[in-house]
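K.L.:
Next input, structure requested:
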Amino acid sequence: MKNIYSVLILIVLFSSSISAQDAQFPIVKGFGGIYEIDNVVEKLEANKKVKIIVELVSENKTPEDHSFWVNNIARLMNLHGIEGVSASNLQVKVIVHGPAVYDLLSHGNYFEQFRIAKNPNLAVFEALDEAGADVIICGQSLIARDLGRNEIWEKTQVATSALTTITKNVADGYVLLKF
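P.N.:
This next block holds a predicted model:
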């Protein structure tokens, strides 16, 4: 019976030490919390410039909460930060198209679309902007959804298309990730 109690105590101690770690936000404040991992392989070089273009196309399945995928961009940036890449060495562009364009609706237009008073994604996009990410929307997706520039977050840049934006940035040395 003593052995069972010893094992239970060890399990509780071990699991509490893992779960006791607080999320960190080294680059994007308040979103995309990540955790330090000891003794890792494949670590990034801290002083190396990293250029990433994120193709954000996935639909938000829970419009009352911020999109998992938008928050994942914050995680991406914070993961680079926890490995020592500074915000000044991290260039992130987000090209939004397809059903993900609704994540960029202004609060009033988000209400019209989903009957939810505030677009929860805009707080994440604000934090991404403050961390240095460029947020770009596909002009073709705007037209296809009958949306105007005045209906989306005011800091959104508009491109001719997601496809040409991706082509240009990959040719310029950006790594493409699709969310």
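K.L.:
CA atoms for contacts and neighbours, from now on please.
P.N.:
Fine.
K.L.:
got a list of what the most centrally placed residue in the chain touches?
P.N.:
Per C-alpha atoms, centre = their mean, the C-alpha nearest to the average position across the chain is that of residue 73, at 1.6 Å. Listed by C-alpha atoms under 8 Å, 6 or more residues apart in numbering, the contact partners of residue 73 are 32, 54.
K.L.:
where do the helices sit along the protein?
P.N.:
With DSSP state H as the criterion, the chain has helices at 2-19, 68-82, 107-114, 121-130, 139-144, 162-171.
K.L.:
Out of those helices, flag the one nearest residue 91.
P.N.:
Closest of these to residue 91 is helix 68-82, at 9.2 Å (criterion: C-alpha to C-alpha).
K.L.:
out of everything not next to it in sequence, what's closest to residue 109?
P.N.:
Closest residue in space to residue 109, ignoring its immediate chain neighbours: residue 151 at 6.1 Å, by C-alpha to C-alpha, 6 or more residues apart in numbering.
K.L.:
which stretches of the chain have low pLDDT?
P.N.:
1-20 (pLDDT under 70).
K.L.:
Mind doing that once more with 90?
P.N.:
1-21, 40-43, 45-47 (pLDDT under 90).
K.L.:
Test my guess that residue 24 contacts residue 34.
P.N.:
Yes: taking contacts as C-alpha atoms under 8 Å, residue 24 lies within contact range of residue 34: 5.3 Å.
K.L.:
Give me the common contacts of those two.
P.N.:
Residues touching both residue 24 and residue 34 by C-alpha under 8 Å, 6+ apart: residue 78.
K.L.:
Counting neighbours, what do you get for residue 98?
P.N.:
18 (other C-alpha atoms under 10 Å).
K.L.:
er, residue 173 I mean
P.N.:
Using other C-alpha under 10 Å, residue 173 has 12 other residues around it.
K.L.:
Excluding chain neighbours, what is closest to it?
P.N.:
residue 51 (6.9 Å).
K.L.:
residues touching the one you found, list them.
P.N.:
90-92, 173-175.
K.L.:
Residue 167 - how many residues pack around it?
P.N.:
12.
K.L.:
I'd like to know how far it sits from residue 153.
P.N.:
24 Å (C-alpha to C-alpha, to the nearest Å).
K.L.:
And for residue 104?
P.N.:
Residue 104 is 6 Å from residue 153, where distance means C-alpha to C-alpha.
K.L.:
So between the two, which is more surrounded?
P.N.:
Higher neighbour count among residue 104 and residue 153: residue 104, with 24 against 20, using other C-alpha under 10 Å.
K.L.:
got the contact list for the more buried one?
P.N.:
The contact partners of residue 104, by C-alpha under 8 Å, 6+ apart, come to 121-122, 152-153, 156.
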